[in-house]
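Asks: just the structure for this:
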Amino acid sequence: MELEVEMFRRIRRALLVPALTILLCSACTGSVPPEQPGMCTLMGCIDSLTIRMAGSVPAEFQVQLEFEDRIQTIECGMESRLGDSASPDDSSCMQSVVVFWNAAPEEARIRISGDGIVYEETIHPGYNLNQPNGPDCLPICRSGEATVRIP
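Replies: Numbering: from 1, shown residues only. Below you'll find the model as predicted:
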């Protein structure tokens, strides 16, 4: 009887050690997806509207965006303000492109003036959604674009 018990212990020990080793190794090297469902990161984003101007764009001009009882204005000229914005509340421009930050209207009235030209138009920008923290995570920001042809 003692011989059978000792033999059983040896067999159990011989099987248990490799089984535990395999289990521990697989737990340590198992692949875990980088983003598990329900996990969100903490990146931020800001709504923006880019206005591209074509046609007779003045060398120096002012662009006014009016929507939802708000008015945002930027003056553009030889010294562009692209990249000079210290705050996301500012707008920026370069040549014939203007970016309005914190603006994502479905409809807006745009007014471009300079060099004796005044042009007004109602725009309906198209938007892309941006979810920097993944699906089902906030924030959700919109980046839109509209092209205005100045006669």
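
Asks: pLDDT at the residue lying closest to Ile74 once chain neighbours are set aside, what is it?
Replies: Setting aside the residues directly before and after it, Ile74 is nearest to Ser91 in space (C-beta to C-beta, 6 or more residues apart in numbering), at 4.0 Å. Placement of C-beta: from N, CA and C, glycine included. In the predicted model, Ser91 carries a pLDDT score of 75.

Asks: do the same with Met94
Replies: Residue-level confidence at Met94 comes out at 80, pLDDT.

Asks: now do Gly44
Replies: According to the model, Gly44 scores 93 on pLDDT.

Asks: quick one, phi psi at the nearest residue to it once chain neighbours are set aside?
Replies: Counting by C-beta to C-beta, 6+ apart, Gly44 lies nearest to Pro139, which is 6.3 Å off, once chain neighbours are set aside. Its backbone dihedrals place Pro139 at phi -80, psi 160, with angles given as degrees, to the nearest 10.
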